[in-house]
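Undergrad: let's see this in three dimensions:
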Amino acid sequence: MSSKAEINTDIVLIDIINFSLLTIKQQLEIINFLTRSYKKIIERILENAKLPLSELILGYIPTGDGFYCILTPKFRGYGTILGLSFNHFSEQISKKFSYFQGLHIAVHTGKINQFTDILGHKNFIGTGLNDCARYLEVKDFNISTVMISDEAYYNFQRFISVHKEYNQLLKEREFKHSAPYSFKDKHGNEKKGYRVWLRKSGIIIPPIYKF
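TA: This is a model prediction of the structure:
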């Protein structure tokens, strides 16, 4: 198995609420629909931004009740916006499936390592994935918001300072964020982060680069 150097980038984690309480048939139905739907969202984003997939997305990791979406380091900071775009579609899912209780979405900027697994597929490990999952442990997680780490928020602020067109766009969408707060994860480690949301939700494409 081969490995590559450590990568510092944005990680978006999608998690279906109370997935384990669903029947096997419901689990299969909702995970298939979720996977197809978010694949279409990514394709739409890429088409509108005139981006090849490999420039935006480094990889996906299925978790059983959702998936990790790992961005390329070039788009570090856009992960928060992508998480908000993913959250927009959860409203459409709830209209289709009465048993669907919503999604938890977390965003973190952290370190990962890429490797080739035993089947020859590209895969990822690293503290960034583990830390991102910790942000789903926040009590009273509001499903209309996205939970982001302080590292993700810092990189989000850097992103919109470079791509100033997003300031106006986010203002039009009425972007909001909570006050910073901290909590202890299941291992007793302190985590800091923010809740973010759009009062006028929608899909926001990444900046268009010339390749």
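
Undergrad: quick one: the helices in the protein?
TA: 24-49, 53-56, 79-96, 127-134, 150-162, 165-172 (DSSP state H).

Undergrad: and the ones you listed: which comes nearest residue 6?
TA: When those are ranked by proximity to residue 6, the top entry is helix 127-134, at 9.3 Å, counting by C-beta to C-beta. C-betas here are computed from N, CA, C, even on glycine.

Undergrad: tell me what that closest one is packed against?
TA: If you count contacts as 3 or more C-beta pairs under 8 Å, 6 or more residues apart in numbering; DSSP states H and E, helix 127-134 packs onto strand 7-16, strand 103-116.

Undergrad: quick one: contacts of that helix?
TA: 8-9, 11-13, 61, 68, 106-112, 149, 185-187, 189, 191 (C-beta atoms under 8 Å, 6 or more residues apart in numbering).

Undergrad: from those, keep the buried residues only.
TA: Buried members of the contacts of helix 127-134, scored by 16 or more other C-beta atoms under 10 Å, are 9, 11-13, 61, 68, 106-110, 112, 149, 185, 191.

Undergrad: just the closest of those residues to residue 24, please.
TA: Nearest to residue 24 among the buried ones among the contacts of helix 127-134: residue 61, at 22.1 Å, using C-beta to C-beta.

Undergrad: residue contacts, the closest residue to the closest one other than its chain neighbours?
TA: Once flanking residues are discounted, residue 61 sits nearest to residue 68: 4.1 Å by C-beta to C-beta, 6 or more residues apart in numbering. By C-beta under 8 Å, 6+ apart, the contact set of residue 68 is 11-14, 60-61, 124, 129, 132.

Undergrad: can you redo the helices and strands packed on helix 127-134 as CSV with distance to residue 155 and mean pLDDT?
TA: Converted to CSV, the helices and strands packed on helix 127-134 look like this (distance: least, C-beta to C-beta, whole Å; pLDDT from 0 to 100):
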stretch, distance to residue 155, mean pLDDT
strand 7-16, 7, 96
strand 103-116, 5, 94
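
Undergrad: of the ones you listed, which is nearest residue 174?
TA: So among the helices and strands packed on helix 127-134, strand 103-116 is nearest, using C-beta to C-beta, at 18.3 Å.

Undergrad: centre of the chain to the closest one, how far?
TA: 8 Å (C-alpha atoms, centre = their mean, to the nearest Å).

Undergrad: could you list every helix and strand in contact with it?
TA: strand 7-16, helix 79-96, strand 122-125, helix 127-134, strand 146-149, helix 150-162.
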